[in-house]
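Enquirer: here's a sequence, model it:
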Amino acid sequence: MAVEAMDVLDRRLLNELQEGIELVERPYQALADKLGTTEEEVLNRVRALKGDVIRQISAIFDTRSLGYKSSLVAAKIPEERIDQAARVINEHPGVSHNYKRNHAYNLWFTIAVPPNSRLGLEKTVELLGKMAEAEQVRLMPTLKLFKIGVQLDMTGQEDMSKAKAKPAYGYEERTKAAQTVSDFDIAVIRELQKDLSVEPRPFDALAENIGVSTEELLRAGRELLERKQMRRFAAVLYHRKAGFRFNGMGVWAVPEEKADEIGMKMASFKAVSHCYLRPTYPDWPYSIFTMVHGRTKEECEAILQSIEEETGIRERDVLYSTKEYKKTRVTYFTPEMDEWEEKVIRRFGI
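Expert: Numbering: from 1, shown residues only. Sure thing, here's the model as predicted:
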């Protein structure tokens, strides 16, 4: 369904789906109750939007609290080989996002490795750099998380350069998250990370897969939410198909002593989906990263200008994605990671 063909109810539905759906036996009925319509109407509309505007509906887990190690990585790749390098990097099962950006560091990807990784995060990134023939790879790990949670306003009723909201998921919550998972938790995670089917009782089949009742599965999911190991159960949209064709990674040179204060101010902007403190380097003075999404480049610039005016931070840059190589959710506790590592260990004789 084209964005232009959506009516008010479609747009409200997409906002609700991004905010999160309840872990109940009839989640689409719960959505219908919020929207003042019928379960059948919601199901029909989700089916029409699925695969077009809606990328996936599933659990969004917190990588760190499940014991995974993750990082943003910046790479310098010769321009003529960047597509080939991106393909090599995308083969790693833990690479969820991979973009070409308008900077000397022209390839930016996120990667996560499991707690039982034989290589670990740093060695994995080093080997990926070699395999991709990168001139340089640089880890940009999260030192502090101020906010994470993409929620695009589909109604168009807000001035996103000014709109404020509480951080969707912030540093304090994350540090309190449990660091271990049981075998049963892993079984539940494997099911809840699957794309949710569009039918009245979509959790029944997932529960059956692991031999428990639907209520047991949902209770376990709610416990993962309470422990902050699951951030929410929600939809992720195809940003471009939803009309948000530009994403700008605003990077800011913030004095170390002001990082907490400024980070929270930046995170308070509703248009900021991600806000992190990351390390600086001699050739990279930018410590706080803010991701913004806009329907136009001008909308992104207006958001960043509003942030500059409110915080007083003038030294900044913005890296726009010029090509999307990969955008998916990390899948946890799957055999593909072991298979990739075994192949690479044999290749490099480790």
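Enquirer: return the helix or strand in this structure with minimum mean pLDDT.
Expert: Lowest by mean pLDDT, DSSP states H and E among the helices and strands of the chain is helix 171-175, with a mean of 48.
Enquirer: next structured bit after it?
Expert: Downstream of helix 171-175, the first helix or strand assigned by DSSP states H and E is helix 183-192.
Enquirer: pull the CA coordinates from that following helix and hand them back as PDB.
Expert: Output of helix 183-192 as PDB, limited to C-alpha atoms (Å, rounded to 0.1, in the frame of the first residue of the first chain):
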ATOM      1  CA  ASP A 183      17.400 -22.500  28.500                       C
ATOM      2  CA  PHE A 184      13.700 -21.900  28.600                       C
ATOM      3  CA  ASP A 185      14.200 -18.100  28.100                       C
ATOM      4  CA  ILE A 186      16.300 -19.000  25.000                       C
ATOM      5  CA  ALA A 187      13.500 -21.100  23.600                       C
ATOM      6  CA  VAL A 188      11.000 -18.300  24.200                       C
ATOM      7  CA  ILE A 189      13.400 -15.700  22.600                       C
ATOM      8  CA  ARG A 190      13.800 -17.900  19.500                       C
ATOM      9  CA  GLU A 191      10.000 -17.900  19.000                       C
ATOM     10  CA  LEU A 192       9.200 -14.300  19.900                       C
END
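Enquirer: tell me what it is packed against?
Expert: strand 54-61, helix 203-209, helix 214-226 (3 or more CB pairs under 8 Å, 6 or more residues apart in numbering; DSSP states H and E). C-beta: built from backbone N, CA, C; applies to glycine.
Enquirer: of all these, which lies closest to T296?
Expert: The stretch from those with the least distance to T296 (CB to CB) is strand 54-61; that distance is 21.5 Å.
Enquirer: any weak-confidence spans in the stretch 201-350 of the chain?
Expert: Judged by pLDDT under 70, the stretch 201-350 of the chain has its weakly predicted residues at 239-244.
Enquirer: can you pull the buried residues of the longest strand along the chain?
Expert: If you go by DSSP state E, the chain has its longest strand at strand 316-327. For strand 316-327, the buried set under the neighbour-count rule, 16 or more other CB atoms under 10 Å, comprises 316-319, 321, 325-326.
Enquirer: of those residues, which is the nearest to C300?
Expert: Among those, V318 lies closest to C300 (CB to CB), at 7.3 Å.
Enquirer: let me see the contact set for V137.
Expert: 73-76, 125-126, 128-129 (CB atoms under 8 Å, 6 or more residues apart in numbering).
Enquirer: got JSON lines for the residues you listed, with secondary structure too?
Expert: Compiled in JSON lines, the contacts of V137 are given as follows (DSSP: H, G, I helix; E, B strand; the rest coil):
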{"residue": "V73", "secondary structure": "strand"}
{"residue": "A74", "secondary structure": "strand"}
{"residue": "A75", "secondary structure": "strand"}
{"residue": "K76", "secondary structure": "strand"}
{"residue": "V125", "secondary structure": "helix"}
{"residue": "E126", "secondary structure": "helix"}
{"residue": "L128", "secondary structure": "helix"}
{"residue": "G129", "secondary structure": "helix"}
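Enquirer: drop anything exposed from those.
Expert: Looking at those with 16+ other CB under 10 Å, the buried ones turn out to be 73-76, 125, 128-129.
Enquirer: nearest to D338, of those?
Expert: Lowest distance from D338 to these (CB to CB) belongs to L128, with 16.6 Å.
Enquirer: that older thread, could I get the buried ones among the contacts of V137 as TSV with pLDDT?
Expert: Formatted as TSV, the buried ones among the contacts of V137 follow (pLDDT from 0 to 100):
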residue	pLDDT
V73	98
A74	97
A75	98
K76	97
V125	98
L128	98
G129	98
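Enquirer: and these, which is closest to E22?
Expert: Checking these against E22 by CB to CB gives V73 as the nearest, at 35.5 Å.
Enquirer: picking that back up, nearest to Q305, of the helices and strands packed on helix 183-192?
Expert: Q305 lies closest, by CB to CB, to one member of the helices and strands packed on helix 183-192: strand 54-61, at 29.5 Å.
Enquirer: mean confidence for that closest one?
Expert: Taken as a whole, strand 54-61 has an average pLDDT of 94.
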